[in-house]
Every structure is written in structure tokens, then in C-alpha cells.
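Undergrad: Fold the following, please.
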Amino acid sequence: MKAIILAAGYATRLYPLTENFPKPLLEVGGKPILDWLIDDLSSVVSEFIVVTNHKFADHFTEWSNKHSEKITVVDDGTLTNETRLGAVRDLQLALEGKENDDYLVMAGDNVLSFSLKPFVEFYKNVGTSCVMCHVEEKVEKLRKTAVITLDENQRITSYEEKPENPRSHFAVPPFYIYRSEDVIRIQEALDAGCNPDAPGSFAAWLSSKTDLHAYKMPGVRHDIGDMKSYEAVKSTYSGPEK
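TA: Have a look, this model is predicted:
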């Protein structure tokens with residue numbers, strides 16, 4: 001299994017902190033955010049592919065050179081938030097010539113209170129592409145994210161992006177595992193109208209074509225969206241629970 005880390009955003013809500021520095025490399029708990037993800041997964045992932053923009057590519061290359069793990073940095077060529085490719089096209093770019101493997105796909109700006117290794121084990125057990133989900137009680141937040149319904153075996157029975165009337169309280173954060181035979185269908189999804197900006201839109205499209213399962217998140221995901229949330233995480237985070 002390989003991992004693709006989506007890190008091509010411009011984090012404009014964190015300006016001026018991220019005006020000239022990428023959010024996934026901000027320090028939390030004594031090391032860059034990405035280090036927490038890589039340290040957690042290095043025993044189950046053979047290669048980490050970090051897709052970023054041209055503005056920050058040198059920062060990621062310098063960071064990757066400090067690691068013993070196999071890390072490939074992919075530059076999507078964009079320079080501004082207005083010209084970004086979108087998460088799905090960045091995923092497609094990262095996969096060029098590498099589609100013959102299974103992929104753990106995740107956003108690079110999240111800090112987790114739990115390990116992702118049980119998510120990988122869940123994927124192996126169910127044998128389908130998978131997403132992660134968690135309970136979100138606030139309807140206003142559900143209307144701003146992807147929402148799924150599940151059967152008794154955690155198979156996805158419906159998948160909607162930003163629904164006006166959510167069918168459940170299961171929200172989908174940006175963590176997915178795709179089988180090799182599924183991940184090659186990205187262009188098919190884009191041709192069918194898949195939204196290139198939303199990272200979960202490919203999974204939503206795929207769920208209408210084949211079975212997908214959802215792993216219920218066992219802990220807390222700290223989404224660093226602005227200075228307040230960043231300072232809060234910095235002051236409390238010390239790594240995934242053992």
C-alpha cells in the first residue's frame with residue numbers, strides 16, 4: 001500500500017502564517033504535522049506521495065530529504081489559490097504511472113488522536129474501497145461536508161456532498177482507501193461531472209458504482225482551519241493515543 005497526502009492548498013485563513021509556508025509543515029507537538037502521519041504509517045505504507053503546489057514545492061522537498069522513508073513530492077504547477085487544480089485532479093496527478101497499487105489518501109493538515117493503522121486493517125478485512133466516518137450532531141456542520149448512511153455491516157448505502165437535508169449524522173473526513181481497480185476510474189468520474197475541488201467527491205461517485213465500506217473514527221480529528229484552532233492544537237497535542 002502507498003499513501004497520497006493532499007497538500008496543495010494555500011491555507012489562506014491562516015495568513016500571514018502560511019502566506020509563504022505550507023500548513024502541513026507547521027509544527028504541532030514538537031514536529032511538523034506531516035511527521036505525525038508518516039511516523040504512524042511508516043510500518044504499513046511503502047511510499048508516501050505528497051502532492052503540493054509550485055509555490056510550496058521546495059519546502060516539501062527540503063522536508064522530505066530529512067526522512068528515511070520513501071517520500072515523493074509531486075508539484076501540481078499552480079501558484080495561487082485561484083488557479084489550484086482541486087483535490088481530485090491533484091489525486092489524479094499523484095497517481096500518474098502508479099495506479100497498480102492500493103492507496104490510502106488523506107489530507108495533510110489534520111492532526112489525529114488515534115492511529116490510522118486499524119483503518120488499514122479494516123480495509124483489508126472488508127475487501128472494498130473505504131472511507132472514514134464520524135458522528136456529527138450539528139446539522140449545520142453536516143450541510144458543509146459529505147454525509148453517508150450505512151447498513152449493519154458498515155457498507156455505505158448513500159453518499160451525499162453537502163446535503164441540505166442530511167440523512168444521517170455520519171460525516172466523512174478526508175481519509176480514504178482505494179483499491180487499485182477503483183482508483184483508476186478517476187478520469188471516468190471527472191468526465192461524469194465529479195467535483196474536482198472536494199476530496200470526497202470521487203468516493204461519492206464511486207459509491208454509486210461499487211460497494212464501499214466506512215470505518216468509524218475511534219478518536220478525535222483536529223482540523224486546523226484558522227489561527228484559533230492552530231493555537232489550540234499546539235497547546236494540547238502530544239501525539240496519537242497508544
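
Undergrad: Do a quick rundown of the strands in this structure.
TA: 2-6, 27-28, 31-32, 47-52, 71-75, 103-107, 110-112, 129-135, 146-150, 156-161, 170-172, 175-178, 212-216, 221-223 (DSSP state E).

Undergrad: nearest to residue 64, of those strands?
TA: strand 71-75 (4.0 Å; CB to CB). All C-beta atoms are positioned from the backbone trio N, CA, C, and that covers glycine.

Undergrad: Pull up the pairing partners for the helix or strand of the chain with the lowest mean pLDDT, direction included.
TA: Every helix and strand of the chain was ranked by mean pLDDT, DSSP states H and E. The lowest is strand 221-223, at a mean of 86. Note on strand 221-223: by DSSP bridges, its sheet partners are strand 110-112 (antiparallel).

Undergrad: next one: the strand it pairs with to chain centre, how far?
TA: 10 Å (CA atoms, centre = their mean, to the nearest Å).

Undergrad: Return the set of buried residues in that strand.
TA: 110, 111, 112 (16 or more other CB atoms under 10 Å).

Undergrad: quick one: average confidence on that strand?
TA: Mean pLDDT, strand 110-112: 91.

Undergrad: Tell me which residues are up against that strand.
TA: 28-29, 33, 36-37, 40, 173-175, 219-224, 233, 237, 240 (CB atoms under 8 Å, 6 or more residues apart in numbering).

Undergrad: If we use 7 Å, what do you get?
TA: Applying CB atoms under 7 Å, 6 or more residues apart in numbering, the external contacts of strand 110-112 come out as 28, 33, 36, 219, 221, 222, 223, 224, 233, 237, 240.

Undergrad: Spatially central residue in this protein, please.
TA: The chain has residue 106 as the residue nearest its centroid, 2.1 Å off, counting by CA atoms, centre = their mean.

Undergrad: Give me the pLDDT for that residue.
TA: pLDDT recorded at residue 106 is 95.

Undergrad: which residues does it contact?
TA: 3, 5, 37, 174, 175.

Undergrad: what's the most distant pair in those residues?
TA: Of all pairs in these, the most separated under CB to CB is 3 and 174 at 12.8 Å.

Undergrad: what about residue 4, distance to residue 77?
TA: 17 Å (CB to CB, to the nearest Å).

Undergrad: scratch that, residue 113
TA: Applying CB to CB to residue 113 and residue 77 gives a distance of 35 Å.

Undergrad: Residue 25 now?
TA: 19 Å.

Undergrad: the more surrounded of those two?
TA: Set side by side, residue 25 and residue 77 show more neighbours around residue 25, with 22 against 12, by other CB atoms under 10 Å.

Undergrad: does the more buried one really touch residue 34, like I thought?
TA: Yes: assessed by CB atoms under 7 Å, residue 25 is found in contact with residue 34 at 6.3 Å.

Undergrad: In contact with residue 168, which residues?
TA: Contacts of residue 168 by CB under 7 Å, 6+ apart are 147, 148, 149.

Undergrad: Nearest residue to residue 101 in space, ignoring adjacent ones along the chain?
TA: Once flanking residues are discounted, residue 101 sits nearest to residue 2: 5.1 Å by CB to CB, 6 or more residues apart in numbering.

Undergrad: Hmm, that neighbour is touching residue 103, no?
TA: Yes: look at residue 2 against residue 103 with CB under 7 Å: they come within range, at 5.6 Å.

Undergrad: Tell me which stretches of this structure form helices.
TA: With DSSP state H, the ranges of helices along the chain come out as 33-41, 57-64, 87-95, 117-126, 139-142, 180-183, 186-191, 201-207, 227-236.

Undergrad: deepest of the ones you listed, which one?
TA: For the helices of the chain, the largest average neighbour count (mean count of other CB atoms under 10 Å) is found in helix 201-207, namely a mean of 24.
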